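Q: Need coordinates for the below:
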Amino acid sequence: IYYWQLRMFNPSHRFILSMYYASRYPASWIVASALRWGFRFTFIYMIYLVYKNSKVLVKPFTVSSKTGARLKDLKGIDEYLDELNGILDFLKRPKSYVSNGGRPPRGILLTGPPGCGKTHIARALADESDRVFYYASASDFATPDMGKGPELIRTLFKEARKNRKGSIIFIDELDSIGTRTLYANAPNDVVNTLLAEMDGFENNQQVFVIGSTNREHAIDDALKRPGRFDLKITIDLPYREGRKQIFDFYLSKISHGEVDSEKLAEQSFGLSGAHLKNIVNLSIIKAVQTGKDKASQEDLEAALEKTKIGYRSLEPLSKEQKRKAAYREASKLVMGITQPYMPRIEKTVIAAIGDQRIGDTMVFSRPSETSINKREVLANVLFYLAPLAIEELIFGTNEQSMYAAVDKEKAHDYLNKYVSKYSMDDEFSYVSGESSDFSWKLADKVEWRTNKLLLQSYSKVKDILASKADLVKKVASELENKEVLYFKDAKALVG
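A: Numbering: from 1, shown residues only. You can find the predicted model right below:
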């Protein structure tokens with residue numbers, strides 16, 4: 001209180017009074033002085049921390065040592081090797097291209113689903129070209145602190161330019177910063193800085209940038225134009241032969257018995273290389289846990305099933321749940337056996353799978369979207385409407401379940417693409433593209449046509465299953481007893 005009282009006087013009077021208080025109340029004066037200088041020191045120190053934090057940045061990248069990765073060791077990407085080898089040749093001898101008048105590319109954009117080897121490709125290019133590999137996640141640059149993201153970009157490129165033997169900057173998840181706006185529709189300074197840095201090494205072939213994304217549509221066009229990311233390579237999910245190569249490669253690293261990798265490749269349609277690697281790893285883990293020293297075909301198929309449909313729940317099914325699930329999956333089996341152009345079925349399982357499904361039918365490889373035809377699309381629609389139809393025929397409309405409704409959504413998606421994206425419908429042959437790209441009037445018309453075709457298909461599949469009710473009942477009974485039924489056994493049962 002003495003300190004605040006002194007503040008009321010001018011400096012000269014304040015000095016005299018302070019001497020008086022100090023002589024009369026020494027303890028209080030010491031406490032007041034300590035508080036006063038403590039507040040001042042704290043305030044100054046806080047300003048210092050803010051200044052220090054704005055200048056001293058954590059490096060937004062890691063410098064990786066050589067891993068021995070080679071392009072020839074990458075499996076399932078044979079169709080991309082020629083182009084990748086061409087890029088590698090430039091990275092090894094850029095001066096040869098420049099001396100002949102060529103303008104070297106400044107970067108490539110790797111696109112495609114997760115787990116297809118984009119990071120591994122970038123590491124292989126760095127290792128084989130003997131360049132320093134800088135790995136950075138683009139999300140580290142997406143900071144709300146004003147000016148910090150651009151400063152991190154500049155730091156990364158400044159470090160990369162210091163290496164005389166050359167550098168490769170790999171920016172993962174580029175879509176997280178690659179849009180023109182980032183926060184509250186404000187201009188994205190991170191992208192602007194990245195563009196400026198890539199433009200800044202026009203005559204410097206020592207720095208090469210590789211971007212990676214699985215959402216190419218979200219990236220600003222300014223980044224994708226020639227002169228920044230000059231080349232784009234889409235690394236897609238591996239085809240059947242590629243999956244076989246990947247299985248063989250990872251199987252060579254574990255102890256295993258007699259394994260049919262051809263069959264595993266056929267069963268693993270739609271899975272990435274990372275999935276296949278995990279399947280092999282899960283199989284040897286399961287083998288060791290059960291007291292075996294080698295993974296078997298059964299271990300691999302069990303791991304594949306877990307990857308595709310999930311882990312089975314330990315909670316037992318009630319008799320009624322099991323019966324309904326058997327009929328739903330039996331309807332798919334009967335459709336697959338008796339109707340043409342249906343998906344190729346591997347096996348059917350009835351069990352609680354997590355908390356999402358009771359039962360699932362696993363299918364082999366299907367044609368890709370680029371090769372699927374009109375008859376196959378409509379056949380897939382009938383296939384996925386079968387569970388809903390059989391529940392109405394056997395148990396009544398009041399007993400139709402959410403599990404059958406999930407399959408109905410798949411049928412709806414097929415028909416929506418049939419009308420819009422594939423332009424296969426006769427009445428809407430002039431329409432092409434995703435429904436989200438249409439005006440609301442055209443989108444409403446597409447949805448109306450989709451629902452009309454869905455009702456027609458549902459009526460058709462009900463008629464088919466009603467005429468084959470005895471077969472469905474026979475297969476459902478066998479499936480209810482065994483819980484797992486392979487397609488070949490179901491086909492023998494149907495006759």
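Q: Once you drop chain neighbours, what's closest to M335?
A: Nearest residue to M335, sequence neighbours excluded (C-beta to C-beta, 6 or more residues apart in numbering): A386, at 4.9 Å. Heads up, the C-betas are built off the backbone N, CA and C, glycines and all.
Q: element containing the one you found, please.
A: Assignment of secondary structure by DSSP states H and E places A386 within helix 374-395.
Q: Tell me if I169 really is in a helix.
A: No - counting by DSSP: H, G, I helix; E, B strand; the rest coil, I169 is located in no helix; its state is strand.
Q: show me the contacts for it.
A: Each residue near I169 by C-beta atoms under 8 Å, 6 or more residues apart in numbering is listed here: F61, Y134, A136, L156, F157, A160, V207, F208, V209, I210.
Q: biggest separation within these, which pair?
A: Considering C-beta to C-beta, no two members of the contacts of I169 lie farther apart than F61 and F208, which are separated by 14.7 Å.
Q: contacting residues around stretch 252-262?
A: Taking C-beta under 8 Å, 6+ apart as the criterion, the residues outside stretch 252-262 that touch it are 244, 247-248, 251, 280-281, 283-284, 293-297, 300.
Q: Can you pick out the most distant pair from those?
A: Comparing the members of the contacts of stretch 252-262, the greatest separation, given C-beta to C-beta, is between K244 and D293, at 24.8 Å.
Q: So between those two, which is more surrounded?
A: Counting neighbours by other C-beta atoms under 10 Å for K244 and for D293 shows that K244 has the greater number, 22 against 10.
Q: Quickly note the distance from the closest residue to R131 other than its chain neighbours to I284.
A: The shortest distance from R131 to any non-neighbouring residue, by C-beta to C-beta, 6+ apart, is to G166 (4.1 Å). Using C-beta to C-beta, to the nearest Å, we find G166 at a distance of 39 Å from I284.
Q: Comparing these two, which residue is more hemmed in?
A: Here G166 and I284 are set side by side on neighbour count (other C-beta under 10 Å), and the busier one is I284, at 22 against 19.
Q: For that one, which residues are in contact?
A: Taking C-beta under 8 Å, 6+ apart, we find I284 in contact with I254, S255, H256, A295, D299.
Q: now with 6 Å?
A: Neighbouring residues of I284 by C-beta atoms under 6 Å, 6 or more residues apart in numbering: I254, A295.
Q: Extract the C-alpha trace of the host helix or strand of it and format it as CSV.
A: Following DSSP H and E, the helix or strand that holds I284 is helix 273-289. Output for helix 273-289, consisting of C-alpha atoms alone and laid out as CSV, is shown next (Å, rounded to 0.1, in the frame of the first residue of the first chain):
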residue,chain,number,x,y,z
GLY,A,273,0.5,-52.4,-51.4
ALA,A,274,0.5,-51.2,-47.8
HIS,A,275,-2.6,-53.4,-47.2
LEU,A,276,-0.8,-56.4,-48.7
LYS,A,277,2.3,-55.9,-46.6
ASN,A,278,0.2,-55.7,-43.5
ILE,A,279,-1.7,-58.9,-44.5
VAL,A,280,1.6,-60.8,-44.7
ASN,A,281,2.7,-59.4,-41.4
LEU,A,282,-0.6,-60.3,-39.7
SER,A,283,-0.3,-63.8,-41.0
ILE,A,284,3.1,-64.5,-39.4
ILE,A,285,2.0,-62.9,-36.2
LYS,A,286,-1.0,-65.2,-36.0
ALA,A,287,1.1,-68.2,-36.8
VAL,A,288,3.6,-67.5,-34.0
GLN,A,289,0.7,-66.8,-31.5
